[in-house]
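Participant: give me a model of this one.
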Amino acid sequence: MKLLVTGGAGFIGSAVVRQAIAQGLEVVNLDALTYAACLANVDSVAQNPRYRFEQADIRDPAALRRVFDIHAPDAVMHLAAESHVDRSIDGPGAFIETNVTGTYNLLQAARDYWTAKGKPESFRFHHVSTDEVYGSLGPTGMFTEDTPYAPNSPYSASKAASDHLVRAWAETYGLPILLTNCSNNYGPFHFPEKLIPVVILNSLHGKPIPVYGQGENIRDWLFVEDHANALLTVLDKGRVGRTYNIGGENEARNIDLVHMICDILDREKPDKTSYRNLISFVTDRPGHDLRYAIDPTRIREELGWRPSVTLEQGLERTVAWYLANESWWQALLNRDGVGMRLGQAG
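Facilitator: Okay, here's the model as predicted:
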């Protein structure tokens, strides 16, 4: 199989690229190389004869047509997206352009290519989305594939819109699609504006660790390598037209997560006092969803997939990776917006 991965130089996309190559697939990595992308994420496979890179933007229809014509993929896995909630609050337009219009462009290019090839039944368009499209949960309950959409941030609204476009192209044009909605990812190569790398890197630099509100917000945490494995499982075994929710089965309050990371750092790189002393509670962001939790019954029962990494194991591996890969994250600290408090508009 030849797989076209959009956003393959990003955090989740690069994990998919690395695993797909390891599984023997041919991979075409399409990425615009915006601020959160890093080609070093795929250095381990860059010289593999089954790997190709195309710098192209999903906002450019002509570039997409060219990539499809040159590479003739058997499947598309669409991960290219603007994904940082705080940035979406400050600048929602980029999220509409990339996540909505970009997805439309990719759907049209894929549909034209699929039609020109005689609409092969084996073709797949796998759209990768987020549990944030479902909105916020209270203290109980879990998101299922039938949960009504109720996005609360410009980011989640843009992803919800892209999900609806994908469904519409399946219903109207017959495009053979797969759709997955995942919980919060973490792990190696996580861009240093997201919560877990912020905690690690601020700790290492002796800077305050910002925690929104009182840290009561709850997320289900999914190790990125587990997520990549789940995505490739869905691509291989998933039923056309089906949605699969992918969860880590690892719910935690933000403050508990931060404490876990600080405790790992206290063991692995001890300082004069505990890193917990750096925790600083800051004003919450507007529209901050209280809780996300995924019911993964469908993917477990239909496809036999479950996460293999507990939160404790994943955090240990993640902290160890950041400690061992300073050259990777140092190169990203001067990129636009990194280290700044974003998303306070309201």
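
Participant: residues in contact with the helix or strand where residue 126 lies?
Facilitator: Using DSSP states H and E, residue 126 sits within strand 124-130. When contacts are defined by C-beta atoms under 8 Å, 6 or more residues apart in numbering, strand 124-130 is touched by residues 12, 74-79, 83, 103, 107, 110, 156, 159, 162-163, 166, 169, 175-182, 231, 234-235, 238, 240. In this view, the C-beta of every residue, glycine as well, is placed from N, C-alpha and C.

Participant: residue ranges with poor pLDDT in the stretch 151-300 of the chain?
Facilitator: For the stretch 151-300 of the chain, no stretch has pLDDT under 70.

Participant: quick one: the strands in the chain?
Facilitator: Taking DSSP state E, the strands of the chain run over residues 2-6, 26-31, 51-55, 75-78, 124-130, 177-182, 184-186, 209-212, 218-223, 243-246, 251-253, 279-282.

Participant: circling back to that earlier point, got the angle between the strand holding residue 126 and strand 2-6?
Facilitator: Interaxial angle, strand 124-130 versus strand 2-6 (axes from the mean of the first three to the mean of the last three C-alpha atoms, to 10 degrees): 30 degrees.

Participant: now strand 124-130: how far from the chain's centre is it?
Facilitator: In terms of C-alpha atoms, centre = their mean, to the nearest Å, the centre of strand 124-130 is found 11 Å from the chain centre.

Participant: also stretch 4-18?
Facilitator: With C-alpha atoms, centre = their mean, you get 9 Å for stretch 4-18.

Participant: kindly report the same for stretch 216-236.
Facilitator: Relative to the centre of its chain, stretch 216-236 is centred 9 Å away, using C-alpha atoms, centre = their mean.

Participant: and residue 337, which of the strands of the chain is closest to it?
Facilitator: strand 209-212 (14.2 Å; C-beta to C-beta).

Participant: each with direction, which strands does that closest one pair with?
Facilitator: Paired strands of strand 209-212, with direction, are strand 279-282 (parallel) (DSSP bridges).

Participant: for the partner strand, which positions count as buried?
Facilitator: By neighbour count with 16 or more other C-beta atoms under 10 Å, strand 279-282 contains the buried residues residue 279.

Participant: same question for stretch 42-57.
Facilitator: 42, 45, 51-54, 56-57.

Participant: so how many other residues sit close to residue 137?
Facilitator: When counting by other C-beta atoms under 10 Å, one arrives at 17 neighbours for residue 137.

Participant: identify the residues contacting the closest residue to residue 249 other than its chain neighbours.
Facilitator: Of all residues not flanking residue 249 in the chain, residue 307 sits nearest, at 5.8 Å (C-beta to C-beta, 6 or more residues apart in numbering). Shown in contact with residue 307 (C-beta under 8 Å, 6+ apart): 222-223, 226, 230, 247-250.

Participant: correct me, but residue 147 touches residue 134?
Facilitator: Yes - using C-beta atoms under 8 Å, residue 147 makes contact with residue 134 at a distance of 4.6 Å.

Participant: among those two, which residue is more densely surrounded?
Facilitator: Per other C-beta under 10 Å, whichever of residue 147 and residue 134 has more neighbours is residue 134, with 25 against 18.

Participant: any idea how far the more buried one is from residue 69?
Facilitator: Distance check for residue 134 against residue 69: by C-beta to C-beta, to the nearest Å, it reads 37 Å.

Participant: relative to residue 264, how far out is the residue lying closest to residue 260 once chain neighbours are set aside?
Facilitator: Spatial nearest neighbour of residue 260, excluding adjacent residues (C-beta to C-beta, 6+ apart): residue 315 at 5.6 Å. For residue 315, the distance to residue 264 (C-beta to C-beta) stands at 6 Å.

Participant: next, the contact list for residue 80, please.
Facilitator: Residue 80 makes contacts with 6-7, 10, 13, 30-32, 58, 98, 102, 106, as judged by C-beta under 8 Å, 6+ apart.

Participant: what do you get for residue 287?
Facilitator: 89, 152-153.

Participant: can you tell me how far it is from residue 164?
Facilitator: Where residue 164 is concerned, residue 287 sits at a distance of 20 Å (C-beta to C-beta).

Participant: cool, residue 257 as well?
Facilitator: Separation of residue 257 from residue 164 (C-beta to C-beta): 31 Å.

Participant: do the same with residue 58
Facilitator: In terms of C-beta to C-beta, residue 58 sits 17 Å off from residue 164.

Participant: who's more crowded, these two?
Facilitator: Using other C-beta under 10 Å, the more surrounded residue of residue 58 and residue 164 is residue 58, with 26 against 14.
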